[in-house]
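Asker: based on what follows, work out the 3D shape:
(chains A and B)
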There are 2 protein chains.
Amino acid sequence: MLGSVEEKILNIIDNVKDIFGGAHNIRKDGEKFDRSISPNINIVNKTDKSGIDVIVKPNTKGESVHIPVILTQEGIHDLVYNTFEIGEGSDVDVIAGCGIHNPGHSKTQHDGVHEFFVRKGAKLKYIEKHYAEGEGQGKKVFNSKTILHVEEGGKVEMELIQIRGVDSTKRETEIYLGKEANLVITERMLTDYNQDAESHINIEMNGENATAQVISRSVAKADSKQVFYFNVAGKNKCRGHVQCDSIIMGNAKVNSIPSISAEHNEAELIHEAAIGKIANDQLMKLMSLGLTEKEAEDTILKGFLR
Amino acid sequence: MLGSVEEKILNIIDNVKDIFGGAHNIRKDGEKFDRSISPNINIVNKTDKSGIDVIVKPNTKGESVHIPVILTQEGIHDLVYNTFEIGEGSDVDVIAGCGIHNPGHSKTQHDGVHEFFVRKGAKLKYIEKHYAEGEGQGKKVFNSKTILHVEEGGKVEMELIQIRGVDSTKRETEIYLGKEANLVITERMLTDYNQDAESHINIEMNGENATAQVISRSVAKADSKQVFYFNVAGKNKCRGHVQCDSIIMGNAKVNSIPSISAEHNEAELIHEAAIGKIANDQLMKLMSLGLTEKEAEDTILKGFLR
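Answerer: The predicted structure is shown next:
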């Protein structure tokens, strides 16, 4: 049975009805809490380390796999390795929300490595949401690494979202694109207080006509720090476009360090980055409609991170 | 007396008539070749190392200083330190062309460090052109470092141009901007054959309302390699905009690694980079007007690097 804290967190990082409506593996405080499989989607424990193998049969369409992780105790360091086989010609969603409720004063940390094999012509939508809260002073930390191998004609849509409450995060994403593989990454990041966040995205376009697009938006408030390393290498005829926008407030610091590398004369790569404060005219407009400055700010930030 | 090779090279990296029309210091094969000063602009040898001090009196307006360097022998490694004092309220041009004619098979190299103190309200236009040629297999190498300290209200316009023929170059540019200082850098780079080029531009905006703009364009042909590191840090209320466009051809490789770092909530920083081949529709249009593919290509590249 889910407690009220668990249910609340699951609904922030995913949706309880959706989770129980499909194949799922709920991990709580470092252990399996609940699992369900389908005729097309199998989930089995790894035998050599902590984690699961998710195997999606070829041509599985319209199904989803939910693998939320929740940590509800202080002083936990959870470490998990998950591997995903997304069978040829399939079309599935994988939702990997992760939430920490740290009630105490010692650190709670979740580290996860997710490796995906997206087979020929398969379509994957991958959503990773991070959220943390807690009554005490205990730090809430996430370190995640996602590795994607996308075979010929594979399509991947990724949403990487840090909702709020995470004291420290280091997120590494490595992607290898085969022939005619297509990738769209949407990243959203909010940091506040003394939080720090580091996001690395490395994309290698190895196959002919591979395409990649990254749209990253972040808001850094108070004394928080964000660093972005986006690295796109075009090793064949390909197209890549990276766009990162950050709003900076208070004493926050944002550093964006992209790298585009063309190693083929038909590689077309574009990078755009902008860091700045909230546009004054937008603030003024909302305030002229009766909102306080704080309300106007919140409205703009919410729209920006949507 | 100038020989024909010297005159030819001086006219590529600068203009002989302009050089002799103003204050100048021509350095040839590691030694002073000719010098002229003006009532407002003094040039003196450094006593502790190879190089000169150029001192522009406050409020000097409309004058120019030409300090071309030419190397006409094989096997030379010329190293020079020049310091420039650009007096308060002055408005001058400094033209620092550098050309190598290497007739032999051993390497000829010019390394230069230029440090500028642009005083309060002064205006400086700085042009640095690199060119190399030679009959033999001797490498032509340039390594240059330019450091600029720009005081309150100072304005600097820089043109950094690598014309052609340079086998290897590492160019480092470091700029510190004070209050209301304004900087515009235009960079043009052409590499061909097995040439490699590395350009670092570090801009620190320390003063309130400092502004910086970098417009870099490059063409990489054949087996050449280019790497760009553009680093803009906003440490106060400021605006920075970096734009780099590269055309890649043959087996060339181009890597653009910018970094924008906002350390103040009123720092507004933008970076844009694009690497790609010559636009097909432009080629087609010129070819439909009767140009061969090679002529059309050359016309487009010339326009791009203008």
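
Asker: so residue A:24 touches residue A:66, yeah?
Answerer: Yes: counting by Cβ atoms under 8 Å, residue A:24 does reach residue A:66; the two are 4.1 Å apart. All C-beta atoms are positioned from the backbone trio N, CA, C, and that covers glycine.

Asker: could I get the average pLDDT for stretch A:57-76?
Answerer: What stretch A:57-76 shows for mean pLDDT is 96.

Asker: list the buried ones in it?
Answerer: Residues of stretch A:57-76 classed as buried under the neighbour-count rule (16 or more other Cβ atoms under 10 Å in any protein chain shown) are A:57, A:60, A:63-74, A:76.

Asker: chain B contacts on the stretch 201-306 of chain A?
Answerer: A:234, A:246, A:248-263, A:265-277 (Cβ under 8 Å from any Cβ of the partner chain).

Asker: who's the residue in the stretch 101-250 of chain A positioned nearest to chain B bridged to?
Answerer: At 5.0 Å from chain B, residue A:248 is the closest residue in the stretch 101-250 of chain A, using Cβ to the nearest Cβ. On the basis of DSSP bridges, residue A:248 is bridged to residue A:220.

Asker: if I look at the most centrally placed residue in chain A, how far off is residue A:127?
Answerer: In chain A, the residue lying closest to the centroid (Cα atoms, centre = their mean) is residue A:160, at 2.1 Å. Using Cβ to Cβ, to the nearest Å, residue A:160 is found at 8 Å from residue A:127.

Asker: go on, residue A:186?
Answerer: 9 Å.

Asker: ok, back up a step: which among the residues of the stretch 201-306 of chain A next to chain B end up buried?
Answerer: A:234, A:246, A:248-249, A:252-263, A:265, A:267-277.

Asker: quick one, helices of chain A?
Answerer: A:4-13, A:16-21, A:280-288, A:293-305 (DSSP state H).

Asker: not counting its own residues, what contacts the shortest one?
Answerer: Residues from elsewhere that reach helix A:16-21, judged by Cβ atoms under 8 Å, 6 or more residues apart in numbering or on different chains: A:2, A:7, A:10, A:26, A:36, A:64, A:66, A:68, A:95.

Asker: quick one: which of the residues you listed is nearest residue B:105?
Answerer: Closest approach between those and residue B:105, by Cβ to Cβ: residue A:95, at 65.0 Å.

Asker: run a quick neighbour tally on the closest one.
Answerer: By other Cβ atoms under 10 Å in any protein chain shown, 22 other residues sit near residue A:95.

Asker: contact partners for it?
Answerer: Per Cβ under 8 Å, 6+ apart, neighbours of residue A:95: A:14, A:18-19, A:64-68, A:127.

Asker: do residue A:120 as well
Answerer: So residue A:120 contacts A:88-89, A:151-154 (Cβ under 8 Å, 6+ apart).

Asker: quick revisit: who has more neighbours out of residue A:186 and residue A:127?
Answerer: residue A:127 (19 against 15).

Asker: surely that one touches residue A:94?
Answerer: Yes: the pair residue A:127 / residue A:94 is scored as a contact, 7.3 Å apart, by Cβ under 8 Å.

Asker: pretty sure residue A:150 sits against residue A:174.
Answerer: No: with contact defined as Cβ under 8 Å, residue A:150 does not count as touching residue A:174 (11.4 Å).

Asker: quick one: the strands in the stretch 1-150 of chain A, in order.
Answerer: Secondary structure of the stretch 1-150 of chain A (DSSP state E, counting those that start in this stretch): strands at A:23-28, A:31-36, A:41-45, A:52-56, A:61-66, A:69-71, A:77-86, A:91-95, A:98-101, A:108-118, A:123-133, A:140-150.

Asker: now do the stretch 201-306 of chain A
Answerer: With DSSP E, counting those that start in this stretch as the criterion, the stretch 201-306 of chain A has strands at A:210-220, A:225-234, A:238-248, A:253-262, A:267-276.

Asker: residue A:217 - nearest residue in space that isn't next to it in sequence?
Answerer: Nearest non-adjacent residue to residue A:217, counting by Cβ to Cβ, 6 or more residues apart in numbering or on different chains: residue A:245, 5.2 Å away.

Asker: and the one you found, what does it touch?
Answerer: For residue A:245, the contacting residues are A:216-218, A:273-275, A:304, by Cβ under 8 Å, 6+ apart.

Asker: can you redo the residues you listed as CSV with pLDDT and distance to residue B:199?
Answerer: Output for the contacts of residue A:245, formatted as CSV (pLDDT from 0 to 100; distance: Cβ to Cβ, whole Å):
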residue, pLDDT, distance to residue B:199
A:216, 96, 26
A:217, 97, 30
A:218, 96, 28
A:273, 94, 19
A:274, 96, 22
A:275, 96, 22
A:304, 92, 34
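
Asker: any idea how far residue A:51 is from residue A:38?
Answerer: Taking Cβ to Cβ, one finds residue A:51 at 20 Å from residue A:38.

Asker: quick one: which of these two has more around it?
Answerer: residue A:51 (19 against 16).

Asker: tell me the contacts of the more buried one?
Answerer: Each residue near residue A:51 by Cβ under 8 Å, 6+ apart is listed here: A:45, A:80-83, A:113.

Asker: distance check, the residue nearest to residue A:269 when sequence neighbours are not counted against residue B:72.
Answerer: Excluding its sequence neighbours, the residue lying closest to residue A:269 (Cβ to Cβ, 6+ apart) is residue A:260, at 4.1 Å. Relative to residue B:72, residue A:260 is positioned 39 Å away (criterion: Cβ to Cβ).

Asker: likewise residue A:147?
Answerer: 55 Å.

Asker: what of residue A:233?
Answerer: Remark: distance between residue A:233 and residue B:72 (Cβ to Cβ) = 41 Å.

Asker: do residue A:10 as well
Answerer: Counting by Cβ to Cβ, the gap from residue A:10 to residue B:72 is 76 Å.

Asker: now do residue A:226
Answerer: 52 Å.

Asker: likewise for residue A:124?
Answerer: 63 Å.

Asker: among the contacts of residue A:51, which one lies nearest to chain B?
Answerer: Comparing these against chain B with Cβ to the nearest Cβ places residue A:113 closest, at 26.6 Å.

Asker: in contact with the closest one, which residues?
Answerer: Residue A:113 neighbours (Cβ under 8 Å, 6+ apart): A:51, A:80-82, A:144-147.

Asker: ok, back up a step: show the model's pLDDT score for the residue nearest to the centre of chain A.
Answerer: Residue A:160 is given a pLDDT of 96.

Asker: how about residue A:139?
Answerer: We have a pLDDT of 96 for residue A:139.

Asker: that one - how many residues pack around it?
Answerer: For residue A:139, using other Cβ under 10 Å, the count is 20.

Asker: could you list the low-pLDDT ranges of the stretch 51-200 of chain A?
Answerer: Residue ranges of the stretch 51-200 of chain A with pLDDT under 70: none are present.

Asker: near chain B, which residues of it show up?
Answerer: By the rule Cβ under 8 Å from any Cβ, no part of the stretch 51-200 of chain A lies against chain B.

Asker: any idea how far the residue of the stretch 101-250 of chain A closest to chain B is from residue A:279?
Answerer: Distance of residue A:248 to residue A:279, given as Cβ to Cβ: 13 Å.

Asker: residue A:118 now?
Answerer: 38 Å.

Asker: quick one, which of those two is more surrounded?
Answerer: residue A:118 (30 against 11).

Asker: wait, isn't that one in contact with residue A:156?
Answerer: Yes: in this structure, residue A:118 is within contact of residue A:156 by Cβ under 8 Å, at 5.9 Å.

Asker: so what sits against both of these two?
Answerer: Joint contacts of residue A:118 and residue A:156 (Cβ under 8 Å, 6+ apart) are A:124, A:148, A:150, A:181.

Asker: tell me which residues touch the third one, please.
Answerer: Yep, that's residue A:150 we're talking about. The neighbours of residue A:150, taking Cβ under 8 Å, 6+ apart as the test, are A:118, A:156, A:175-178, A:181, A:183.

Asker: these in strands, which ones?
Answerer: Among these, DSSP state E puts A:118, A:156, A:175-177, A:183 in strands.

Asker: mean confidence for stretch A:14-29?
Answerer: 94.
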